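In: Whatever this is, show me its structure:
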Amino acid sequence: MAGRGGVVNDTITGVATWDGIIPPQCQPNPSVLRLSANLTWVLAHEPLHADIDVNKTNGVGPGMAFANAVLAKDPTFGAIGLVPCAIGGTKISEWGRGTFLYNQLVQRARASLQDGGGSTIQALLWYQGESDTVSKEDAESYKGKLERFFMDLRDDLQSPMLPIIQMGLASGSGPFIKIVREAQMGIDLLNLRTVDAKGLTLEPDGLHLTTPSQVRLGQMLADTFLQFLPSGPIVSLTYSGSSARCSPFIVDLFIAPLLRCFNRIILLN
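Out: As a prediction, the model looks like this:
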């Protein structure tokens with residue numbers, strides 16, 4: 001999820017570099033913001049996770065393609081605030097409640113709502129599991145840990161029906177990909193949908209998605225996300241003086257003095 005599109009390891013030096021190529025579907029959009037590492041809203045641009053997944057070389061991920069596709073397919077949707085939280089190469093056990101990564105995720109998610117006038121997080125996009133394919137023990141315990149993670153996060157964000165879109169693995173770091181994929185496909189929670197990344201083209205490392213695949217994945221995520229939205233408009237904004245209140249599920253961009261309301265999307269692993 002952090003994005004390795006266009007990232008290639010030099011076979012001589014072993015140093016990973018990003019080619020810097022940003023496709024049209026991932027170009028900056030004034031209606032797409034991102035929550036930076038220091039918890040401020042800035043214009044979103046690739047690489048989305050440059051100041052989050054700081055120990056890795058980041059490239060193109062599905063986040064910008066997702067946001068731009070949502071706005072292209074639904075021009076009335078309003079502005080989008082992306083909340084990058086992914087850390088590449090991590091196991092599901094590193095995201096359990098109380099861990100550093102989990103606490104950081106919750107902190108960033110809550111911070112994204114501080115200036116939102118009552119708006120809510122619209123969805124969690126989750127792409128993780130490659131590292132859990134190395135050990136059979138990790139693979140076999142994956143389903144229970146992932147279900148618990150989703151339920152704990154919904155509980156701590158006080159959003160019991162938070163829409164979750166997870167991605168089925170396209171690859172893995174070990175031999176137990178099938179077990180993890182079956183675990184992903186077998187999770188049965190309300191408001192959870194799965195987008196299967198299997199079959200998308202991989203980088204030469206055989207692990208990460210190419211830039212065109214990241215774009216395609218972002219578009220698939222947008223299609224799935226829009227299925228969560230009601231077919232008719234339910235936007236409800238009230239304005240009194242300098243305060244505004246956004247509807248709890250979908251909000252249009254609404255600017256009142258010192259206040260902006262927009263849709264938050266969490267990007268995870």
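
In: So for the longest helix seen in the chain, mean pLDDT?
Out: Longest helix of the chain, by residue count under DSSP state H: helix 211-227. The pLDDT scores in helix 211-227 average 97.

In: neighbouring contacts of it?
Out: 3, 5-6, 21, 23, 25-26, 59-70, 73-74, 122-123, 125, 163, 165, 167, 170, 193, 195, 197, 200-202, 209, 265 (Cβ atoms under 8 Å, 6 or more residues apart in numbering). Using the backbone N, CA and C atoms, a C-beta is placed for each residue, glycine as well.

In: of the residues you listed, buried ones?
Out: 3, 5-6, 23, 25-26, 59-70, 122-123, 125, 163, 165, 167, 170, 195, 197, 200, 202, 209, 265 (16 or more other Cβ atoms under 10 Å).

In: Can you flag which of the residues you listed belong to strands?
Out: 122-123, 125, 165, 167, 195, 265 (DSSP state E).

In: Just give me the closest of the residues you listed to residue 176.
Out: Nearest to residue 176 out of these is residue 167 (Cβ to Cβ; 17.4 Å).

In: dump the residue contacts of that closest one.
Out: 1, 125-127, 194-197, 217, 221.

In: do that again at 10 Å, thanks
Out: Going by Cβ atoms under 10 Å, 6 or more residues apart in numbering, residue 167 touches 1, 62, 125-129, 184, 194-198, 200, 209, 217, 220-221, 224, 269.

In: Work out the gap between the longest helix of the chain and the centre of the chain.
Out: Averaging C-alpha positions (Cα atoms, centre = their mean, to the nearest Å) puts helix 211-227 11 Å from its chain's average.

In: And it, what's buried?
Out: 211, 213-222, 224-225.

In: I'd like to know which of the buried ones among the contacts of helix 211-227 are part of helices.
Out: Per DSSP H, the subset of those in helices is 63-70.

In: mind giving me TSV with those residues and columns for pLDDT?
Out: Putting those into TSV (pLDDT from 0 to 100) gives the following:
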residue	pLDDT
63	97
64	98
65	98
66	97
67	97
68	98
69	98
70	97
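
In: what's the spacing between residue 37 and residue 50?
Out: 9 Å (Cβ to Cβ, to the nearest Å).

In: for residue 223, same thing?
Out: For residue 223, the distance to residue 50 - Cβ to Cβ - is 27 Å.

In: and what of residue 215?
Out: In terms of Cβ to Cβ, residue 215 sits 18 Å off from residue 50.

In: before we move on, what about residue 128?
Out: Residue 128 is 19 Å from residue 50, by Cβ to Cβ.
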